[in-house]
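Visitor: Just to be clear, the model below is a prediction. Sequence and coordinates:
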Amino acid sequence: MASKVEGFNFEQRHGKARVRVARVWRNKSDNIHSMVEWNVSISLLSDCVNSYVRDDNSDIVATDTMKNTVYVKAKECSEQLSAENFAILVARHFTSFYKQVTTAIVKIVEKPWERVLVNGQPHDHGFKLGSEKHTAEVTVQKSGVLKLTSGIEGLSVLKTTKSGFEGFIRDQYTALPETRERMLATEVTALWRYSYESVSSIPRNPLYFTERYLDVKKSLANTFFGPPKEGVYSASVQGTLFQMAKAVLNRFPDISSIQLKMPNIHFLPVNISSKENTIVKFNDDVFLPTDEPHGSIEASLSRFWSKM
Ligand SMILES: O=c1[nH]c(=O)c2[nH]c(=O)[nH]c2[nH]1
């Protein structure tokens, strides 16, 4: 929240970060349980400058109250809902309940609990932790104006062939050989913006954005890997990233932009020799996995008319 204070421009916000909550829903009819674990961060733009400049806290929503609100709202959600919908619900609460609050920003990171299969059968109340995380961030203004972005963090993918890197600049600093055969590994971070611009325009289905998340993830992974038998050739991380971003925008009309970060995680060929002889000769088989340094490749793709 921006204001003029004592001849200066002043911007401030306050909130509670990393409020952890888990919510269980027990279906009375079939006794199947659903659950989520969320890490919720709240930031409020509110008219409380007097707390900064006059030791007057009368306009402050205490961050402890924000934390409590997360649990109250979780309790009130009697039906399962997406992280996006919960974030919107919490944000709307702050902008509508407090006259001082003009904008609420709520971010949620969902822990990837997945229903377990036991003997191939979905368990009624058993879950195991997956790997990549679903994120949601909403900004809600008092007027109901909405900005909604969702994301994936930590989607680790690798393919052992159908990747190369050729034709790049060669100069006196270049040692990297050209190749049409290498390992390709990355940990995808994706962030996409939905085109819904008011809280009243979002889809009615409370799990719509959970389903969308799963579909976007599938679309990203399928584009990275290609068909199961033949795969798809990657000429660079850059080229694959673009294909992945394009697949998402082509498939999902309500997504207006997407940002992808795809570090190139190197698997180095292993060649070991002594003075006398070769001990290990690389034949696309033995690698040294690394995590640093890594290539860092990121880009965003948006429709002409979209905001990011
Ligand atoms: O896909 C790649 N993109 C690069 O920009 C790059 N640079 C590099 O050394 N290897 C690779 N691979």
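Guide: Looks like it came in fine.
Visitor: Disregarding flanking residues, what is the spatial nearest neighbour of residue 207?
Guide: Sequence neighbours aside, residue 82 is the residue nearest to residue 207 in space, at 5.6 Å (criterion: CB to CB, 6 or more residues apart in numbering). To be clear about C-beta, it is placed using only N, CA and C from the backbone, and glycine gets the same treatment.
Visitor: any idea how far the ligand is from that neighbour?
Guide: 34 Å (CB to the nearest ligand atom, to the nearest Å).
Visitor: was I right about that residue contacting residue 203?
Guide: No - in this structure, residue 82 is not within contact of residue 203 by CB atoms under 8 Å, at 10.0 Å.
Visitor: pLDDT on stretch 99-115, on average?
Guide: Rounded to a whole number, the mean pLDDT of stretch 99-115 is 98.
Visitor: ok, now stretch 168-175?
Guide: Here stretch 168-175 scores 98 as its mean pLDDT.
Visitor: what does stretch 62-74 give?
Guide: Average pLDDT, stretch 62-74: 98.
Visitor: follow-up on the earlier one: shared neighbours of residue 82 and residue 203, anything?
Guide: residue 209 (CB atoms under 8 Å, 6 or more residues apart in numbering).
Visitor: More neighbours: which of those two?
Guide: residue 82 (25 against 15; other CB atoms under 10 Å).
Visitor: Residues of the protein that sit close to the ligand?
Guide: Within the chain, the residues that sit near the ligand (CB under 6 Å from any ligand atom) are 165, 176, 236-238, 264, 295.
Visitor: If any of those residues are buried, put those into a ChimeraX selection.
Guide: Buried members of these, defined by 16 or more other CB atoms under 10 Å, are picked up in ChimeraX with:
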select :165,236,237,238,264
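Visitor: List the ones among the residues of the chain next to the ligand that fall in strands.
Guide: Among these, no member falls in strands (DSSP state E).
Visitor: can you tell me which two in the residues of the chain next to the ligand are farthest apart?
Guide: The span of the residues of the chain next to the ligand, defined through CB to CB, is set by 176 and 238 at 15.1 Å.
Visitor: Under the pLDDT cut-off, which ranges of this structure? List them.
Guide: Residue ranges of the chain with pLDDT under 70: 307-308.
Visitor: what about the helices in it?
Guide: Ranges of helices in the chain, per DSSP state H, are 49-53, 63-76, 83-97, 208-225, 237-251.
Visitor: ranking those helices by burial, who's on top?
Guide: helix 83-97 (a mean of 22; mean count of other CB atoms under 10 Å).
Visitor: Where does the stretch 1-150 of the chain get nearest to the ligand, residue-wise?
Guide: Nearest residue of the stretch 1-150 of the chain to the ligand: residue 132, at 21.4 Å (CB to the nearest ligand atom).
Visitor: List of residues touching stretch 299-308?
Guide: Contacts for stretch 299-308 (CB under 8 Å, 6+ apart): 193, 195, 238, 241-242, 245-246, 249, 256-260.
Visitor: Just flag the most distant two among these.
Guide: The most widely separated members of the contacts of stretch 299-308, counting by CB to CB, are 195 and 238 (26.2 Å).
Visitor: Look up the residues forming beta bridges with the residue nearest to residue 184 when sequence neighbours are not counted.
Guide: Of all residues not flanking residue 184 in the chain, residue 163 sits nearest, at 3.7 Å (CB to CB, 6+ apart). Beta-bridge pairing for residue 163 (DSSP bridges): residue 234.
Visitor: Tell me how far residue 289 lies from residue 183.
Guide: 9 Å (CB to CB, to the nearest Å).
Visitor: Could you check which of those two has the larger neighbour count?
Guide: Neighbours per residue, other CB under 10 Å: of residue 289 and residue 183, the larger number sits with residue 183, 17 against 11.
Visitor: ok, that one - contacts?
Guide: Residue 183 makes contact with 158-161, 163, 267, 287, according to CB under 8 Å, 6+ apart.
Visitor: Apply 7 Å and report the result again.
Guide: Contacts for residue 183 (CB atoms under 7 Å, 6 or more residues apart in numbering) come out as 158, 160, 163, 267, 287.
Visitor: Out of those residues, which is nearest to the ligand?
Guide: Closest to the ligand, out of all of these and judged by CB to the nearest ligand atom, is residue 163, at 7.8 Å.
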